[in-house]
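Novice: got a predicted structure plus its sequence, pasted below:
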Amino acid sequence: MSTSSVTGALDAWRGLPALQQPDWADPAELAAVTAALAKQPPLVFAGECDQLKQRLAEVSRGEAFVLQGGDCAETFEGSNADAVRNKLKTLLQMAVVLTYAASVPVVKIGRMAGQFAKPRSKPTESRDGVELPAYRGDAVNGLAFDPASRRNDPRRLMDAYHASAVTLNLCRAFTKGGYADLRQVHAWNQDFVAQSPAGRRYEQLAGEIDRALTFMKACGVHPDEFHSVEFYSSHEALLLEYERALTRIDSLSGRPYDVSGHFLWIGERTRQLDGAHVDFLSRISNPIGVKLGPTTSADDALALIERLNPDNEPGRLTFVTRMGAGRIREALPPLIEKVHGSGAAVAWICDPMHGNTFEAPSGHKTRRVTDVLDEVAGFFEVHRALGTHPGGIHIEFTGDDVTECVGGGHEIVEDDLPQRYETACDPRLNRSQSLDLAFMVAELYRHNA
Ligand SMILES: O=C[C@H](O)[C@H](O)COP(=O)(O)O
Ligand SMILES: C=C(OP(=O)(O)O)C(=O)O
């Protein structure tokens, strides 16, 4: 295909139903902002996306495990050094637990540097008789409940680009500049060790890693080997005007890449086969994911594969299942059986968050850690029974000590929820709950191997 026909095809989605798009306040302003975005430098490079595709191909072959996570909704205010470092620190601690205790290479993907848009169940929100547009993420409007904040403002798309750039810059600096050095395993835990059972358990493991590193050094392994980690960014490709404006033709391959993030996914609410999101993502060359909820049929999954990865390129397509703890054991097997039977190379990841949300009596949206752990356990059980590879987890977490999900080794009860309920959208695991999960996943992985 010529460059002009590749570029033209990237706009085919405009003629298709696009769900969950904001009703932008000013279309002329939207056009001006997307034109300006189209001239901005890429946030990620095609070669990096291809490298992640290779890693995900390894996952689909059962050779590696994905740890994908971050906020439900990133905020502009949260795009600062402390918050980003805390999230990365937690992700690195979880990855270390998994790598060491489960002996598996871990592909680290942040739900970071672009997760600024949210699909919502209802287009509006009402409080005390006042109805305003729902909050759709900082890329669209503000969380405060007043008409000015809730205006769907296209200029926020440019702010989202800049916040993504800042966050990714911090992530690159932290992961390449020495902070992620494996010899820092104790330092990541310093503020945490005495406070929680997960912190103490981690400290023990860090001691073992220290001894292993000393041993490897004595064997002649160069310390630089431990100096940096590969880290990738990801977000839901929800706002198609934004994603289109950040899509570029790679000069080396002539193929289009969405340079807003390394890995992009289609949400459960926007995965219609004849919809705009599936069309747009079918035309970019990044590794991509699709969320699959409990109503997904095996034929839906096969049809998505046909649309999104017709050449069966390993690493191109990841299914992120979010069935709910009560459904996974019966909903997942038929999908895996049929997809596996078709010979399709997909990676399977478990999102144990989105099928397990409920409202506490206080009105806070929350999740029980026991449900999260149970869905992950179900995911491993199903893969073990079918002889397939449980390829990873996708979670909503933060590095801060929030009180948004109930349960965990350092228990949070429903009455604690108001103490530090800080999410802009859905409840996240805090650091201690995230580490609890990592230890459990490591055990399950060892058991499945
Ligand atoms: O993160 C997922 C969705 O955006 C979220 O669960 C939707 O929440 P709502 O049902 O409050 O709109
Ligand atoms: C909206 C999300 O999930 P899902 O599409 O699975 O509901 C999400 O991951 O933010």
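Specialist: Sure, I can see it. Numbering: from 1, shown residues only. Ligands and ions are numbered 1, 2, ... in the order given.

Novice: now do the strands in the stretch 301-449 of the chain.
Specialist: Listed from the start of the chain, the stretch 301-449 of the chain has strands (DSSP state E, counting those that start in this stretch) covering 317-321, 347-350, 357-359, 365-367, 392-396.

Novice: just name the most buried of these.
Specialist: For the strands of the stretch 301-449 of the chain, ranked by mean neighbour count under the definition mean count of other CB atoms under 10 Å, the leader is strand 347-350 at a mean of 28. For the C-beta atoms, the positions are set from N, CA and C on the backbone; glycine is no exception.

Novice: what would the strands of the stretch 301-449 of the chain look like in JSON lines with distance to ligand 2?
Specialist: Shown next, in JSON lines, are the strands of the stretch 301-449 of the chain (distance: least, CB to the nearest ligand atom, whole Å):
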{"stretch": "strand 317-321", "distance to ligand 2": "7"}
{"stretch": "strand 347-350", "distance to ligand 2": "11"}
{"stretch": "strand 357-359", "distance to ligand 2": "9"}
{"stretch": "strand 365-367", "distance to ligand 2": "12"}
{"stretch": "strand 392-396", "distance to ligand 2": "7"}
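
Novice: save the ones you listed as JSON lines, and put in distance to D416 and mean pLDDT too.
Specialist: As requested, those are exported to JSON lines (distance: least, CB to CB, whole Å; pLDDT from 0 to 100):
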{"stretch": "strand 317-321", "distance to D416": "29", "mean pLDDT": "98"}
{"stretch": "strand 347-350", "distance to D416": "26", "mean pLDDT": "98"}
{"stretch": "strand 357-359", "distance to D416": "16", "mean pLDDT": "97"}
{"stretch": "strand 365-367", "distance to D416": "10", "mean pLDDT": "97"}
{"stretch": "strand 392-396", "distance to D416": "18", "mean pLDDT": "98"}
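
Novice: could you dump these into JSON lines with distance to S282 added?
Specialist: Output for the strands of the stretch 301-449 of the chain, formatted as JSON lines (distance: least, CB to CB, whole Å):
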{"stretch": "strand 317-321", "distance to S282": "10"}
{"stretch": "strand 347-350", "distance to S282": "18"}
{"stretch": "strand 357-359", "distance to S282": "29"}
{"stretch": "strand 365-367", "distance to S282": "32"}
{"stretch": "strand 392-396", "distance to S282": "21"}
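
Novice: show me the contacts for the residue in the stretch 201-350 of the chain positioned nearest to ligand 2.
Specialist: Relative to ligand 2, the nearest point of the stretch 201-350 of the chain is G267 (3.1 Å; CB to the nearest ligand atom). Contact partners of G267, counting by CB atoms under 8 Å, 6 or more residues apart in numbering, are 20, 119, 236, 238, 277, 291.

Novice: tell me the confidence at it?
Specialist: If you check G267, the pLDDT there is 98.

Novice: backbone torsions only: list them for it.
Specialist: When quoted as degrees, to the nearest 10, the phi and psi of G267 stand at phi -80, psi 170.

Novice: how near is it to K291?
Specialist: Note on G267: its distance to K291, by CB to CB, to the nearest Å, is 5 Å.

Novice: state the phi and psi torsions of the residue nearest the centre of the chain.
Specialist: Among the residues of the chain, the smallest C-alpha distance to the mean C-alpha position (CA atoms, centre = their mean) belongs to R111, namely 3.5 Å. Backbone dihedrals for R111, given as degrees, to the nearest 10, come out at phi -80, psi 60.

Novice: with adjacent residues omitted, what lies nearest to it?
Specialist: Once its chain neighbours are removed from consideration, R111 has its nearest residue in G70; the separation is 3.3 Å (CB to CB, 6 or more residues apart in numbering).

Novice: do Y257 as well
Specialist: A46 (4.5 Å).

Novice: that neighbour - how many residues pack around it?
Specialist: In terms of burial, A46 registers 20 neighbours under the definition other CB atoms under 10 Å.

Novice: can you pull the contacts of it?
Specialist: A46 sits next to 250, 252-253, 255, 257, 259, 285 when contact means CB under 8 Å, 6+ apart.

Novice: backbone phi and psi for it, please?
Specialist: On the backbone of A46 - angles per degrees, to the nearest 10 - the values are phi -60, psi -40.

Novice: next one: it from N169, what distance?
Specialist: When distance is defined by CB to CB, A46 is 19 Å away from N169.

Novice: which residue is the nearest non-sequential neighbour of R120?
Specialist: With CB to CB, 6+ apart as the criterion, R120 has its nearest non-adjacent residue at 4.4 Å, and that residue is A134.

Novice: looks like that neighbour contacts K122 (just checking).
Specialist: Yes: under the criterion of CB atoms under 8 Å, A134 is in contact with K122, at a separation of 6.0 Å.

Novice: of these two, who's got more company?
Specialist: Counted by other CB under 10 Å, A134 and K122 do not tie: A134 has more neighbours, with 19 against 7.
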